[in-house]
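In: can you look at this prediction? I've put the sequence above it.
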Amino acid sequence: MPAIEVTHTVAAPSTRSPADVVSNVAIGVFIVAALYFGREVFVPVALAILFSFVLAPLVKGLQKLRAPRALAVFVVVLIAFATLAALTMAMVGQATQLASELPTYQSTIRAKIAALKGSGAGSGVLSRAADVLQDLSKELDRPKAESPVPSETPGPARAGRPIPVEVHQPEPGAIETLQAFLAPLIHPLTTTGIVLIFVVFILLKREDLRNRFIRLTGTYDLQKTTAAFDDAGKRLSRLFLTQLIVNAGFGVVIGCGLAAIGVPSALLWGILAAILRFIPYLGAVLSAVFPMVIAASVDPGWMMLVWTAALFVIAEPLVGHVIEPLAYGRSTGLSPIAIVVAATFWTWLWGPIGLVLATPLTVCLVVLGRHVERLEFLDVMLGDRPALSAPEIFYQRILAGDPAEAADKAEEVLKERSLSAYYDEVALEGLRLAAADEARGVLDAPRRNQILATIREVLEDLSDHDDGRPSRGAGAADAETEAAVEQTNEQEGASDLPVLTAAELKDTFRDGGGVICIGARSQLDEAAALMLGQILEKHGLAAEALPPTALLAPGMERLAARGPALICLCYIGPHNAAHVKYALRRLRRRLPMAILVLGELSQVSSPLADIKGPLLADDVETSLRGICRLCLQFAETTDAAGGQARHLE
């Protein structure tokens, strides 16, 4: 019989030369400098890109109604910018009216300040301090008195006094008045014009721009790259459009609420609340400050201020924690620290407009990082998904000897995935990482013993779960759980595997024989055998996991005395073909009537067909679910199998 080479491929850690690091840092510095010094151009472009994501679904909707693309773009852009212009004019009008009414609120403000000064313990100290500061301010602001001229000053000296001269500017003409009126408007109008032009061209040439960006990022897998960009565009368009609708609704609620309370310029505060809510964390707080100040200035009492504060306290948590999760999911896909850093960075780079654009721009970068391999570092740095995969996190926790945390996260995943799916896709993959470390010689025996002990505790904590597909709708508790659910394949889950009763088992499986799962070589193999044994028990088979010593002579004698119906030999750690062959031969010689299944769980690339045969294994499988399916087929009676088949038909 030809020998089988079992090879393990261990990915070498990627290393970068210092020159590459310096080059990447230089490129990053250059990009930041370009964004800073070219902000007059990049800010309108960024605004145009975000507007295009918001308006693209509307353009596509008109195109589905058989409208030409150019007409659809023109109509959508015209309506959008007309709406913005109307809102801007309304804000300007409201602000002008509010500025003209502010002097009438001075008496109310003075009265409340005086009341605050005179109330509370220790108010005398505060009052005196405020009086001292007021007197000092008056003294500093007082104009310097002219020195009196002595009466005995002789006439020629009085006559030589300088004559004060006042210079008056001439009344501005029509041209100067027009310049003074247009000068503050030139920059906003220029920015608006640039944004308008870019929005129109981006919407008209959306697919062409996408193809050019694909060309820049790489065309080695055109189908995958195109699908990724289309998916990213749809996700961003849906996210920004939904966010715009939610924030606009928030502004409407605030505006109507303030109008009902009686706060002046309610329309201005409603529009401002909708705009500022694009700023993470601080937006809602900033939008509440100005209406509360005005409410305190208008009402001689405090009820208007209390009602205004209550409006924001109720509306913001309701929108943030109820409406937003229902509208576009748990979060924007950004980690909290990334949101704060992004807000700080873009504000430093582009000023107040950068603060408003911080979250949308960072979301764009994270989505690109998730779909473009060269930009993956953006997702790692800014995204809310874990930097390590679910198997890597599982392996790290069992390495650290933390079964409680591993079991807690597994409980969250099991709300949406079956037990066997979690073991196959997460826990077993984590053990494969441990096997790779063992093959490299960096995992010693004490550490392997610790891993086995931790796995035992995790399995004990998860023993109450049935191996079936749970009902949907539980939802991920956090980003780590959500990523683990996404990485777990449930297409071949346990929902199609039956749970056999005692009456459906063959006599050899029912009369105390059962299934023996043997970890073939090391503690890692034994850990895999423990998982397999638990899954088999969930499906009605009596199973027991044994250590590698069961393959030695004393263990073989005990096995022969027990007479198991089926023996599964589990390999996940480093091994060779000779060990597999002679272990199966010893089992076959001592237990000629037992069914032998080889669990080749290390996912080696070499063919394993030569292992199968009457002299060695009866069958070979490479996953826990596959082994469970085989064992159920071997254990099920013919009548039960036929009845199940008829039932499925």
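Out: Looks like it came in fine. Numbering: from 1, shown residues only.

In: which SS class is I393?
Out: helix (DSSP: H, G, I helix; E, B strand; the rest coil).

In: can you pull the contacts of it?
Out: P386, K409, E480, A484 (Cβ atoms under 8 Å, 6 or more residues apart in numbering). Glycine gets a C-beta too; all of them are placed from N, C-alpha and C.

In: one more: L587?
Out: Taking Cβ under 8 Å, 6+ apart as the definition of contact, the neighbours of L587 are L551, M556, L559, I567, L569, A594, L596.

In: looking at those, which are in helices?
Out: With helices taken from DSSP state H, the overlap with these comprises M556, L559.

In: for E621, see how far away the closest residue to R558 other than its chain neighbours is.
Out: In space, not counting the residues next to it along the chain, R558 is nearest to A550; the distance is 7.6 Å by Cβ to Cβ, 6 or more residues apart in numbering. The spacing between A550 and E621, counted by Cβ to Cβ, to the nearest Å, is 20 Å.

In: pick out whichever of these two has more residues nearby.
Out: A550 (23 against 20; other Cβ atoms under 10 Å).

In: return the distance of the more buried one relative to V306.
Out: Using Cβ to Cβ, we find A550 at a distance of 75 Å from V306.

In: which parts of stretch 84-94 are buried?
Out: L87, M91, Q94 (16 or more other Cβ atoms under 10 Å).

In: if you average pLDDT over it, what comes out?
Out: Predicted confidence along stretch 84-94 averages 85 (mean pLDDT).

In: not counting it itself, show me its contacts.
Out: Where contact means Cβ under 8 Å, 6+ apart, the residues beyond stretch 84-94 that reach it are S265, L267, L268, I271, L272.

In: so the third one touches A95, yeah?
Out: Yes - taking Cβ atoms under 8 Å as the contact criterion, L268 and A95 are neighbours in contact, 6.1 Å apart.

In: neighbour count for those two, which is higher?
Out: A count of neighbours by other Cβ under 10 Å puts L268 above the other of L268 and A95, at 24 against 13.

In: for the more buried one, which non-adjacent residue is closest in space?
Out: Distances taken as Cβ to Cβ, 6+ apart put Q94 closest to L268, at 3.6 Å, once the chain neighbours are dropped.

In: that neighbour sits in which helix or strand?
Out: Secondary structure from DSSP states H and E places Q94 in helix 69-101.

In: can you check W307 too?
Out: Using DSSP H and E, W307 sits in helix 303-318.

In: name the helices or strands packed onto that helix?
Out: Here helix 303-318 touches helix 222-261, helix 282-298, going by 3 or more Cβ pairs under 8 Å, 6 or more residues apart in numbering; DSSP states H and E.

In: now the host helix or strand of V29: average pLDDT?
Out: With the criterion set as DSSP H and E, the secondary-structure element containing V29 is helix 18-37. Helix 18-37 comes out with an average pLDDT of 80.

In: dump that helix to PDB, restricted to CA.
Out: Backbone C-alpha positions of helix 18-37 (Å, rounded to 0.1, in the frame of the first residue of the first chain) are rendered in PDB as follows:
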ATOM      1  CA  PRO A  18      12.100  49.500   6.900                       C
ATOM      2  CA  ALA A  19      12.100  51.000   3.500                       C
ATOM      3  CA  ASP A  20       8.500  49.900   2.900                       C
ATOM      4  CA  VAL A  21       7.500  51.400   6.300                       C
ATOM      5  CA  VAL A  22       9.200  54.700   5.600                       C
ATOM      6  CA  SER A  23       7.600  54.800   2.100                       C
ATOM      7  CA  ASN A  24       4.100  54.200   3.500                       C
ATOM      8  CA  VAL A  25       4.600  56.800   6.200                       C
ATOM      9  CA  ALA A  26       5.800  59.300   3.600                       C
ATOM     10  CA  ILE A  27       2.800  58.600   1.400                       C
ATOM     11  CA  GLY A  28       0.400  59.000   4.400                       C
ATOM     12  CA  VAL A  29       2.000  62.400   5.300                       C
ATOM     13  CA  PHE A  30       1.800  63.500   1.600                       C
ATOM     14  CA  ILE A  31      -1.900  62.600   1.500                       C
ATOM     15  CA  VAL A  32      -2.700  64.500   4.700                       C
ATOM     16  CA  ALA A  33      -0.700  67.500   3.500                       C
ATOM     17  CA  ALA A  34      -2.600  67.500   0.200                       C
ATOM     18  CA  LEU A  35      -5.900  67.300   2.000                       C
ATOM     19  CA  TYR A  36      -5.000  70.200   4.200                       C
ATOM     20  CA  PHE A  37      -3.600  72.600   1.700                       C
END
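
In: got the domain boundaries for the chain?
Out: When the chain is parsed into structural domains using automatic domain parsing, the resulting residue ranges are 24-109+186-204, 237-325, 331-384, 391-495, 498-648.

In: need these in JSON lines (columns: distance to L216).
Out: As requested, the domains of the chain are exported to JSON lines (distance: least, Cβ to Cβ, whole Å):
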{"stretch": "domain 24-109+186-204", "distance to L216": "14"}
{"stretch": "domain 237-325", "distance to L216": "21"}
{"stretch": "domain 331-384", "distance to L216": "10"}
{"stretch": "domain 391-495", "distance to L216": "28"}
{"stretch": "domain 498-648", "distance to L216": "35"}
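
In: with D230 as the reference, name the closest of those.
Out: Evaluated with Cβ to Cβ, the domains of the chain place domain 331-384 nearest to D230, the distance being 9.7 Å.

In: please, where are all the strands along this structure?
Out: In the chain, the strands defined using DSSP state E lie at 515-519, 543-546, 566-571, 595-600, 619-621.

In: reformat these as CSV; add mean pLDDT.
Out: As requested, the strands of the chain are exported to CSV (pLDDT from 0 to 100):
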stretch, mean pLDDT
strand 515-519, 92
strand 543-546, 90
strand 566-571, 91
strand 595-600, 89
strand 619-621, 87
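
In: of those strands, which approaches F312 most closely?
Out: Closest of the strands of the chain to F312 is strand 543-546, at 58.9 Å (criterion: Cβ to Cβ).

In: can you list the buried residues in that closest one?
Out: In terms of neighbour count (16+ other Cβ under 10 Å), strand 543-546 has its buried residues at A543, E544, A545, L546.

In: my guess is the third one contacts A529. True?
Out: Yes - applying Cβ under 8 Å as the test, A545 and A529 come out as touching, 4.1 Å apart.

In: report the set of residues contacting both of the two.
Out: A shared contact of A545 and A529, defined by Cβ under 8 Å, 6+ apart, is any residue touching both; here these are C517, I518, G519.
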